[in-house]
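K.L.:
Got a predicted structure plus its sequence, pasted below:
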Amino acid sequence: MARPIITLITDFGLKDHFVAVMKGVILGIAPDCQVVDITHCIPSHDVLEAAIVLRASHSFFPKGTIHLVVVDPGVGTSRRPILIGTQKYFFVGPDNGVLSLSCDLETPVEVVHLTSKQYFLTPTSNTFHGRDIFSPVAAWLSKGISSELFGERVPNFVRLQFPTVKRTGETFIGRVLRIDRFGNLITNVSREDIAPIGKRIDQLVIELGGKTVGQLRNSYADAEADEVFSIWGSSGLLEISVNQASAAKLLQAYKNQEFVLRVLPGNENR
Amino acid sequence: MARPIITLITDFGLKDHFVAVMKGVILGIAPDCQVVDITHCIPSHDVLEAAIVLRASHSFFPKGTIHLVVVDPGVGTSRRPILIGTQKYFFVGPDNGVLSLSCDLETPVEVVHLTSKQYFLTPTSNTFHGRDIFSPVAAWLSKGISSELFGERVPNFVRLQFPTVKRTGETFIGRVLRIDRFGNLITNVSREDIAPIGKRIDQLVIELGGKTVGQLRNSYADAEADEVFSIWGSSGLLEISVNQASAAKLLQAYKNQEFVLRVLPGNENR
Amino acid sequence: MARPIITLITDFGLKDHFVAVMKGVILGIAPDCQVVDITHCIPSHDVLEAAIVLRASHSFFPKGTIHLVVVDPGVGTSRRPILIGTQKYFFVGPDNGVLSLSCDLETPVEVVHLTSKQYFLTPTSNTFHGRDIFSPVAAWLSKGISSELFGERVPNFVRLQFPTVKRTGETFIGRVLRIDRFGNLITNVSREDIAPIGKRIDQLVIELGGKTVGQLRNSYADAEADEVFSIWGSSGLLEISVNQASAAKLLQAYKNQEFVLRVLPGNENR
């Protein structure tokens, strides 16, 4: 039988031992588990960023994977620890919305408020539920413990809003969701968002911070040196890029920055 | 049977290939081994920091885990490579004290000076015992090779002193042990250290760098915005924190900084 | 049977989810695979750096290891995705030379242009072949799929030139290949390069950026405080180091910097 997979997203960084003790707890309960780091470099307490990263990555893991997220500014308060079971995956973490953008893409079948203390580490701290609640629950879950044993079913969970593209006729207002390591700007614009412009996608023009982004390219290397272009990125979202350079630096762009996307009338400028 | 676990702490950082070649060596000898990174971001040559991180993390791993630490400024000199067996764990690394703060919490049963070259990589370099001595020894150990085969037993090992809290009556001098990713100041103060003040722990006042730290909180989110408070951290040590901000920045605090901890007389200021 | 090993070298960094989705894809196909990160901190698009890191690390992994490298500025262009089988290892990545410096040290037996789309993720993006082509091919390869099934054999692959040491009599011009985490300068100088000076290696003098590097040391700790010395590093290459300090900072050295290495005449200065 394949080893069960638990993925981890946290804002714990890489210099401390916090992630490792979670792994120690998991392996103590479920020695055959395969733990995969998605990232631990979420900016501290940035629940939305973690939700976006989980949304972009969770579906590349095999069915049955348990996705564990600990970006948890409300740890120790009344915010609930939860488990969400979907048709393909389990999601475990604080009920602060961090799991919700992924569940929007899946088919949730149950939400469980984690209250069964026999599956927690004892004593259970008020400051590190990643270690004391989420890791042991994920580990027991990976061993086949039935989800309803972890607590009572609840009807809902906190949902974040994926930033939507605003449309006025053929003008769209998009937003920079994230900036990746290469300085590519990952936007919130999907193919569906701009479906109304149909085949005129080649006439797409983007204005961001007073600068104009060139045409849509098929690959990074298709672009000229220093050309700022747009491209459908690997997450299915429009990205703004510069070949072998940082679009973020060149455009002095920032996270959450809005931009205008429109279709050039007629064939001018083509 | 559960896969044996080897944990790693080094000061090798994440950009070079040094950690990976250790893993290559381990997996070449013990293919079923599960290698878990604790951290590789120990400041270069900072033996005490590594010892403190190991102390805070080692006990969350299951019995039988082999903890391998390579922070080794004396590599290639006469400092001994050693293995310490305790009732629950094995510790492998240079005999410079880096293993000692954890062994203070465990029950050591044997110390072995690693001299049996048949378990080393050959040729054995003078610059990278992590690869050439410690990794292969840990790997062979995980396969059940008896510890006395790795060299001769020795009666002792180099010990570091965990920084102690100084007490004068009901005034205590504590110290900042580490600053974590969130900017929390992890101190050397345990519950036992301040047991003498008994139930008046609610009247605790901390002065650090001319600033006063507010009351003891139960969770990060209990605190007001920008409030500097103290809290029992996840390692069982007192921490100085700010909710969703960096106490280190706000207080301009630094590692090893001393602070005064005292009990307010009577009920004033409550 | 031992779990197959796939190693990863990329320039994807640690904050994004790119590496994790590659692991998700691999584990979905080959659940028993052991994925080992070599590094993800290659400077963006630096093919030569990745090639040098792979060369320094690949041979410490057991026979049969699959080395997967994704530093791929030409992704989506006509540059070929390839697989190189050698007597001991498989190498998978873009045909931009990144695999070549390691293959120079191995015995290549086949080169396959990866064209069999049934082993790719579909749809196959133009921007992330690490996820869509290289990871699934490596995973299928680890399951024993025969290499010729991945595409047609080709006679050659793009080769980089390992920077060579230039010699004029007993004067050598070397070069700084990389600077490691500790600030050690890893050079391109091997023992073979300077074999002509024979036993007079103790009279070696290095001049770099107007400064003189002291004698060859046997271990870091043999050196005096602040002494700049040379040492045979763990990769078998000459390094320029300072004990417990950064040679790079002290010498204001930089990658690719050239230096002069010569033998002191007679016995003067000894």
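P.N.:
The structure has been received and is ready for your questions.
K.L.:
Tell me the confidence at the residue of the stretch 51-200 of chain A at minimum distance from chain B?
P.N.:
Per C-beta to the nearest C-beta, A:G76 is where the stretch 51-200 of chain A lies closest to chain B, at 2.6 Å. No exception for glycine: its C-beta is placed from N, CA and C like everyone else's. What the model reports for A:G76 is a pLDDT of 88.
K.L.:
can you count the residues close to it?
P.N.:
A count of nearby residues for A:G76, using other C-beta atoms under 10 Å in any protein chain shown, gives 19.
K.L.:
A helix includes it, no?
P.N.:
No - A:G76: not assigned to a helix; according to DSSP: H, G, I helix; E, B strand; the rest coil it is coil.
K.L.:
Ramachandran coordinates for the nearest residue to it once chain neighbours are set aside?
P.N.:
Spatial nearest neighbour of A:G76, chain neighbours left out: B:S219 (2.6 Å); criterion: C-beta to C-beta, 6 or more residues apart in numbering or on different chains. When read as degrees, to the nearest 10, the backbone of B:S219 gives phi -150, psi 160.
K.L.:
Check B:S219 and give its pLDDT.
P.N.:
pLDDT at B:S219 comes out at 88.
K.L.:
closest point of the stretch 101-250 of chain A to chain C, which residue?
P.N.:
For the stretch 101-250 of chain A, C-beta to the nearest C-beta, closest residue to chain C: A:S219, 2.6 Å.
K.L.:
That residue: how many residues sit nearby?
P.N.:
Neighbour tally, A:S219, other C-beta under 10 Å: 15.
K.L.:
can you check the one 10 residues further on too?
P.N.:
A:F229 has 21 neighbours, counted by other C-beta under 10 Å.
K.L.:
so it touches A:R217, yeah?
P.N.:
Yes - look at A:F229 against A:R217 with C-beta atoms under 8 Å: they come within range, at 4.4 Å.
K.L.:
Common neighbours of the two, please.
P.N.:
Counting by C-beta atoms under 8 Å, 6 or more residues apart in numbering or on different chains, the shared contacts of A:F229 and A:R217 are A:A223, A:S241.
K.L.:
So, low pLDDT: which residues of the stretch 1-150 of chain A?
P.N.:
A:1 (pLDDT under 70).
K.L.:
need the residues of it near chain C, please.
P.N.:
Residues of the stretch 1-150 of chain A that fall close to chain C, judged by C-beta under 8 Å from any C-beta of the partner chain: A:2-3, A:5, A:7, A:14, A:34, A:36-41, A:53, A:56-57, A:60-62, A:65.
K.L.:
Spell out, range by range, the helices that occur in the stretch 51-200 of chain A.
P.N.:
For the stretch 51-200 of chain A, helices defined by DSSP state H, counting those that start in this stretch occupy the ranges A:100-103, A:129, A:135-142.
K.L.:
ok, and for the last one, which residues are buried?
P.N.:
Taking 16 or more other C-beta atoms under 10 Å in any protein chain shown as the neighbour-count basis, helix A:135-142 is seen to contain the buried residues A:S135, A:P136, A:V137, A:A138, A:A139, A:W140, A:L141, A:S142.
K.L.:
Near chain B, which residues of the stretch 51-200 of chain A are found?
P.N.:
By C-beta under 8 Å from any C-beta, the residues of the stretch 51-200 of chain A that approach chain B are A:P73, A:G74, A:V75, A:G76, A:T77, A:S125, A:N126, A:T127, A:F128, A:R131.
K.L.:
With respect to A:F172, which of the residues you listed is nearest?
P.N.:
Relative to A:F172, the closest of those is A:P73; by C-beta to C-beta it sits at 32.4 Å.
K.L.:
Now do the same contact list for that closest one.
P.N.:
Per C-beta under 8 Å, 6+ apart, neighbours of A:P73: A:H45, A:V47, A:N96, B:Y220, B:A221, B:N243, B:Q244.
K.L.:
Leaving out sequence neighbours, find the closest residue to A:K117.
P.N.:
A:K117 sits nearest to A:T124 (C-beta to C-beta, 6+ apart), 7.1 Å away.
K.L.:
if I look at the one you found, how far off is A:S116?
P.N.:
Distance, A:T124 to A:S116, by C-beta to C-beta, to the nearest Å: 12 Å.
K.L.:
do the same with A:L83
P.N.:
For A:L83 relative to A:S116 (C-beta to C-beta), the value is 11 Å.
K.L.:
A:G236 too?
P.N.:
From A:G236 to A:S116 the distance is 38 Å (C-beta to C-beta).
K.L.:
Between the two, tell me which one has more neighbours.
P.N.:
Using other C-beta under 10 Å as the criterion, A:G236 and A:S116 rank with A:S116 on top: 16 against 12.
K.L.:
list the contacts for the more buried one?
P.N.:
A:L149, A:F150, A:G151.
K.L.:
Separate out the buried members of the residues you listed.
P.N.:
A:F150, A:G151.
K.L.:
can I get the contacts of A:S116 in a markdown table with distance to C:L101?
P.N.:
As requested, the contacts of A:S116 are arranged in a markdown table below (distance: C-beta to C-beta, whole Å):
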| residue | distance to C:L101 |
| --- | --- |
| A:L149 | 54 |
| A:F150 | 51 |
| A:G151 | 55 |
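K.L.:
got a list of what A:R153 touches?
P.N.:
A:E110, A:V111, A:V112, A:H113.
K.L.:
Quick check: pLDDT value at it.
P.N.:
At A:R153, pLDDT is 97.
K.L.:
how close does it get to A:W140?
P.N.:
Distance, A:R153 to A:W140, by C-beta to C-beta: 17 Å.
K.L.:
Overlap in contacts, A:L83 and A:S116.
P.N.:
Common neighbours of A:L83 and A:S116 (C-beta under 8 Å, 6+ apart) are A:F150, A:G151.
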